[in-house]
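[1] what would the 3D arrangement of this be:
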Amino acid sequence: MDTIGYDDQVNQENGAEPIASFIDHQFSQYFEEELKISRCLDIYQDTRIHACLYFISPTGHGLKPVDLVTLKLLDGRVNVIPIIGKADSLSPSELQTLKVN
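    Numbering: from 1, shown residues only. The predicted model follows:
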């Protein structure tokens with residue numbers, strides 16, 4: 001699932017909720033298949049989300065509040081791998097500052 005621009009909304013209060021509900025829905029579908037008496041997990045298409053690549057903007061200003069809320073929301077549902085986008089365009093000191101923040 002690709003979520004480009006999810007934080008571009010004016011009201012970012014519940015911006016990550018659709019992402020979290022999608023992940024929850026995929027897990028519940030698989031769980032329902034496991035609960036069936038006659039289950040066919042070998043031919044069932046597993047659509048669960050196992051990892052989330054979270055790209056952080058390389059502006060050097062650290063994480064935005066919406067990033068922190070989203071990371072906390074996704075942390076309990078899926079493995080989150082934070083990636084600094086275009087990190088090669090930052091100086092070593094800027095990269096270190098971004099990693100600390």
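
[2] longest single helix anywhere in this structure?
    The residue-count maximum for a helix in the chain (DSSP state H) belongs to helix 17-35.

[3] quick one: buried residues of the helix-or-strand element of the chain with minimal mean pLDDT?
    The helix or strand of the chain with the poorest confidence is helix 92-100; it has a mean of 76 (mean pLDDT, DSSP states H and E). By neighbour count on 16 or more other CB atoms under 10 Å, the buried set for helix 92-100 is Leu95, Leu98. C-betas here are computed from N, CA, C, even on glycine.

[4] show me where pLDDT drops low in this protein?
    Along the chain, segments meeting pLDDT under 70 span 1-13, 41, 60-62, 101.

[5] still on that earlier bit, the longest helix of the chain: what's the following helix or strand?
    Counting by DSSP states H and E, the next helix or strand C-terminal to helix 17-35 is strand 51-56.

[6] follow-up on the earlier one: which parts of the longest helix of the chain are buried?
    Ile19, Ala20, Ile23, Gln26, Tyr30.

[7] and stretch 78-93, by the same measure?
    Val78, Val80, Ile84, Leu90.

[8] closest to Ile49 out of those residues?
    Val78 (5.2 Å; CB to CB).

[9] state the phi and psi torsions of the closest one.
    With angles defined as degrees, to the nearest 10, Val78 sits at phi -150, psi 160.

[10] one more: Ile83?
    phi -130, psi 130.

[11] what's the closest of the buried residues of helix 17-35 to Lys72?
    The closest of the buried residues of helix 17-35, once distances to Lys72 are taken by CB to CB, is Ala20, at 10.5 Å.

[12] residues contacting the closest one?
    By CB atoms under 8 Å, 6 or more residues apart in numbering, the contact set of Ala20 is Leu73, Leu74, Arg77.
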